[in-house]
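S.K.: Let's see this in three dimensions:
(chains A, B, C and D)
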Protein chains: 4
Amino acid sequence: MQNILDQVYEQAVQYTRFGKVADYIPALSLCDGSQLGLAMATKDGQIFSVGQAEQRFTVQSISKVLSLAYVLTVSGEDEVFARVGKEPTGDPFNSIIRLETSARRKPFNPFINAGAIVVSGLMPGATPNERIERFCHFLADLVGQDNIVIDATVYQSEKATAARNRAIAWFLKELQLIDGEVEDTLDVYFRQCAVLFSAVDLAKFGLMLALDGWDPCQKRQILIPRQARIIKSLMTTCGMYDGSGEFAVEVGIPAKSGVGGGIMATVRDRMGLGVYGPALDERGNSTAGLEALRRLSNALDLRVL
Amino acid sequence: MQNILDQVYEQAVQYTRFGKVADYIPALSLCDGSQLGLAMATKDGQIFSVGQAEQRFTVQSISKVLSLAYVLTVSGEDEVFARVGKEPTGDPFNSIIRLETSARRKPFNPFINAGAIVVSGLMPGATPNERIERFCHFLADLVGQDNIVIDATVYQSEKATAARNRAIAWFLKELQLIDGEVEDTLDVYFRQCAVLFSAVDLAKFGLMLALDGWDPCQKRQILIPRQARIIKSLMTTCGMYDGSGEFAVEVGIPAKSGVGGGIMATVRDRMGLGVYGPALDERGNSTAGLEALRRLSNALDLRVL
Amino acid sequence: MQNILDQVYEQAVQYTRFGKVADYIPALSLCDGSQLGLAMATKDGQIFSVGQAEQRFTVQSISKVLSLAYVLTVSGEDEVFARVGKEPTGDPFNSIIRLETSARRKPFNPFINAGAIVVSGLMPGATPNERIERFCHFLADLVGQDNIVIDATVYQSEKATAARNRAIAWFLKELQLIDGEVEDTLDVYFRQCAVLFSAVDLAKFGLMLALDGWDPCQKRQILIPRQARIIKSLMTTCGMYDGSGEFAVEVGIPAKSGVGGGIMATVRDRMGLGVYGPALDERGNSTAGLEALRRLSNALDLRVL
Amino acid sequence: MQNILDQVYEQAVQYTRFGKVADYIPALSLCDGSQLGLAMATKDGQIFSVGQAEQRFTVQSISKVLSLAYVLTVSGEDEVFARVGKEPTGDPFNSIIRLETSARRKPFNPFINAGAIVVSGLMPGATPNERIERFCHFLADLVGQDNIVIDATVYQSEKATAARNRAIAWFLKELQLIDGEVEDTLDVYFRQCAVLFSAVDLAKFGLMLALDGWDPCQKRQILIPRQARIIKSLMTTCGMYDGSGEFAVEVGIPAKSGVGGGIMATVRDRMGLGVYGPALDERGNSTAGLEALRRLSNALDLRVL
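M.R.: Have a look, this model is predicted:
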């Protein structure tokens, strides 16, 4: 297995040169675009990795999966999906329009910004600090870290330049989909995006989803299987931005990417996968990461579709 | 003339019972819906009035005309209309959608909330306080009051319940149509909506527009004629919310209404008209005010279309 | 008056060089872009004209006014406006989207294609031939011609290249806003667009509207005043395509243009105006025609706003 | 296996009473809503079935999968996806709006009506007759029938009441996404929807997809694996109308339903499944069919997500 991973790395790392690191905030533009890290956490408890698999980076949109999983554990399916849908949408991730024209009057799913902000609004706790602390505690248990670090520079940058997300959040307030203070909810959201994870951490989280909510390290059921399936279904239909359809064809497994360069993927009953490759294609997905997952899917017959 | 005004009042005041005072904020719901005030300022400098024509009330959306006139005097047409269009729209006044889908990426016109907030953002001054003070000074000169009063309760109420306007303003920030602080711009906007005017004040303002920008009291040209025409054109096409088309047919003169119960109208080269009638129809226009203007238009052949 | 018209012509004809004749169908591209014709029909029955004022051309979108006037005479306001709105829209003239998203489920007004097709569907008659014949009879009486000619080449060209209008018409059928055969309704619509009128004809029609429906030639009331006002209101808010707002500022009278180069305008209680100038600006309005109307409005103080 | 299928049938057939047969055309409303047929075609060539599994019914929207598979074999991926996207959409299946507002100017995917009509327009042949004959020949080979029957009554009914589909098709013509005659393309589309298949036929087709394009009966590769994956990806993201997200959670395999009561599903490397159950839920999916697939997925651990 390590052998396969090494071979895939050798070939996929060539693709870093076809992408560019995100530059919409200064902190992200400092990443080294030539890096690639791959990690695999298998059902039997083994971790394989290659390249910069221990390098930490901000999870960005992958946090939408992390927060959804967390909020499902504390609020349950009904409360969450009373405020956000489960259906894919062809709109861009940061669209506001559908909130106004859709008969449903709620975001289409938790993986567009509007839906993710609603989910962040459901995190329990008296203050933003308390909410994010509890969330980080949940994450730390899952990936076996002592504590989760949030990149303060990235968090502050995002917070300072988030006019569109503020517009979305206030519209959600108008629709009564956020209960507390709008700025508090946004604060939690910006912080969760700046959570630092490594490819290995992502692989561990992916394994928990692959096992329908069972965490083999803590030896406990984190999510009920139906919750894990909801998450994986959403990852399949809307995990890779505008490239979700193409990814399903090319790789064929549930995955979620972030503009920090991460991709988390999950293969039912077999493994979780984590990728770090900050050079992105024009859709915001890691170029080398896509290539690595494509090759792994072929080499290990991971495809489920 | 006074005779005609009296007769029109007698008949129109019956229509107060077909409307309801605005109740989306508590301060407005306390108005006496049975009231009606009519005022007319004629070219020769006379003021005629009947009913509660001296009663002050918050101008609300009529402030969109006042602020546009003011900003045109300080910034000029080019600067204003670089950020907001001049074309009517079939959308509701508080719609956000068109900002996202329209190729123009600016609000359709200054009489929908998005456009009015952009205009408020152009008021000069270092602080919200200074901006609103200068604006009120402009208004005071025009209507011959010593000072303009802002209803603090209404202002605070609006400010506290304005999620949708905040969403709009942040979206405008994202589109770089607001330069300063979003919350400062909103603060100016909420205050201008709470400016207290009487029907007589509205009539005076309308007369200035009727005279293509000439103020017969101050004996000076406030707006250049083209600016006055722009304002009157916009009043014709989008002054009466969703009822603009119907109003053009029934009354046929430029007018602008507000949910405080006011209507300001203007008849080229003849007169300005002011109405106060807080009982509103379902579109937000004063029921008795509409009837009064319809009767006045017929009695005095005011129709221009 | 003739003098003023001559002077205006001399200056406006220079503007033909700033436009281009329509070329979306071959028949229109053969027009001579350097031509300009102006006609004025005054309340006292006089006709003034200059340039190619007798030259016939296809009325195109001006037919939307002609057909609306006609259908109002045979069906009345209620029947017409049960199927089409009276409100302006910021959408392009050939948009289909609002039929799907608007809660009203009917076209915004009769001057966008969707609305005009609905109006054509209300023309009485057993066959398309009979419907268009009756309509032409109505027009002939109004402009004092023996018969109305339809440009067969233009009609056939439009009919052959009208995929978008067919899409609109079938959507109207789905919404049950067209009763008869879709293709029959479209046939009537394409023919009415190819009606040949001169600037003088347009001026006569405009005069009838200016006189609130009274035709001084036939000495009879064609439209009831309220119907004439509806038409003039719609001309004011949506008569000049995307340039309606600008036209209201610059000229300030109700008008309707067509891509054949025509503009019909109307000044309450004073006159009707007709223009022929096939060189168009990018919005589809005659460049020289706009300039001529702007100058006439200033010279004769026609502005009503 | 037969045993499991029988048990599932016994329980799922109870759910027929929670649905209603389609009634938008008379021919469909005559179906017996209490029927249920289940069929399974396994990798080793066996067919299992229970209930009305041999009963033929119109495939309706399932034809969108059949035609896409066929056109991919004759035109290839590039030609097809130059005219239609691969991404899911949150819009209703019969929406027209996105063609106008989307920057892509092509239907989001081949499983909404607009996309399916584009695909039908790519079937080779000089006439509609020839096109549908070749398509039926392709289907007959696949399911091992001598010939494919088209339900003439259903076809004629659909053809007579298809205003919205005609609107969509003309809009596609405008966008140059249909090359031939619009009515010819629609004729092919209406006929393909009226193809008669049984649950067994669907299961055989589903098996071919499960085997990545290999047909074990004809012993030949029908689709290249990538084409089969595209189809299965699309089935996963948009196969079950507005219920696609929910189906992915509950059942977790690629599937496509039709309002004739059919569902075709496919389990990678294992089997194809066919369902007939004309009693539908409010989304247009067979109530008993959904229940049967849910139980089969659990009993046989079919879930891939």
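S.K.: Setting aside sequence neighbours, what's the nearest residue to the most centrally placed residue in chain A?
M.R.: In chain A, the residue lying closest to the centroid (Cα atoms, centre = their mean) is residue A:62, at 1.3 Å. Spatial nearest neighbour of residue A:62, excluding adjacent residues (Cβ to Cβ, 6 or more residues apart in numbering or on different chains): residue A:258 at 4.2 Å. (C-beta placed from N, C-alpha, C; glycine too.)
S.K.: and if you look at residue A:185?
M.R.: residue A:121 (4.4 Å).
S.K.: distance of that neighbour from residue A:180?
M.R.: Look at residue A:121 and residue A:180: by Cβ to Cβ, to the nearest Å, they are 6 Å apart.
S.K.: Those two: who's more crowded?
M.R.: Neighbour comparison, residue A:121 and residue A:180: the larger count goes to residue A:121, with 24 against 17 (by other Cβ atoms under 10 Å in any protein chain shown).
S.K.: Determine the three-state secondary structure at the nearest residue to residue A:120 once chain neighbours are set aside.
M.R.: Nearest non-adjacent residue to residue A:120, counting by Cβ to Cβ, 6+ apart: residue A:189, 4.3 Å away. Secondary structure state of residue A:189, per DSSP: H, G, I helix; E, B strand; the rest coil, is helix.
S.K.: What's the local residue count around residue A:189?
M.R.: 29.
S.K.: For it, which residues are in contact?
M.R.: Applying Cβ atoms under 8 Å, 6 or more residues apart in numbering or on different chains to residue A:189 gives the contacts A:116-117, A:120, A:165, A:169.
S.K.: By neighbours, which of these wins?
M.R.: Neighbour max across the contacts of residue A:189 (other Cβ under 10 Å) = residue A:120, 31 neighbours.
S.K.: Count residues in the vicinity of residue A:224, would you?
M.R.: 15.
S.K.: Please apply the same query to residue A:142.
M.R.: Neighbours of residue A:142 under the rule other Cβ under 10 Å: 21.
S.K.: roughly how far apart are the residue nearest to residue A:185 and chain C?
M.R.: Going from residue A:121 to chain C by Cβ to the nearest Cβ, to the nearest Å gives 28 Å.
S.K.: For that residue, give me its contacts.
M.R.: Residue A:121 sits in contact with A:172, A:177-180, A:185, A:188, where contact means Cβ under 8 Å, 6+ apart.
S.K.: ok, now residue A:7?
M.R.: residue A:299.
S.K.: Residue A:42 too?
M.R.: A:1, A:48, A:207, A:270-271.
S.K.: Next one: it relative to residue A:297, how far apart?
M.R.: Residue A:42 is 15 Å from residue A:297, by Cβ to Cβ.
S.K.: Could you do residue A:278 as well?
M.R.: Taken as Cβ to Cβ, the span from residue A:278 to residue A:297 is 22 Å.
S.K.: again with residue A:110
M.R.: Residue A:110 is 25 Å from residue A:297, by Cβ to Cβ.
S.K.: Next: residue A:137.
M.R.: Counting by Cβ to Cβ, the gap from residue A:137 to residue A:297 is 34 Å.
S.K.: same question, residue A:175
M.R.: 39 Å.
S.K.: same thing with residue A:221?
M.R.: Counting by Cβ to Cβ, the gap from residue A:221 to residue A:297 is 28 Å.
S.K.: Can you name the residues of the stretch 201-305 of chain A that neighbour chain D?
M.R.: Proximity of the stretch 201-305 of chain A to chain D, by Cβ under 8 Å from any Cβ of the partner chain, involves residues A:226, A:229-230, A:232-234, A:236-238, A:242, A:244-246, A:248-249, A:252, A:254, A:268, A:303-305.
S.K.: Show me which of those are buried.
M.R.: Buried members of those, scored by 16 or more other Cβ atoms under 10 Å in any protein chain shown, are A:229-230, A:232-234, A:236-238, A:242, A:244-246, A:248-249, A:252, A:254, A:268, A:303-305.
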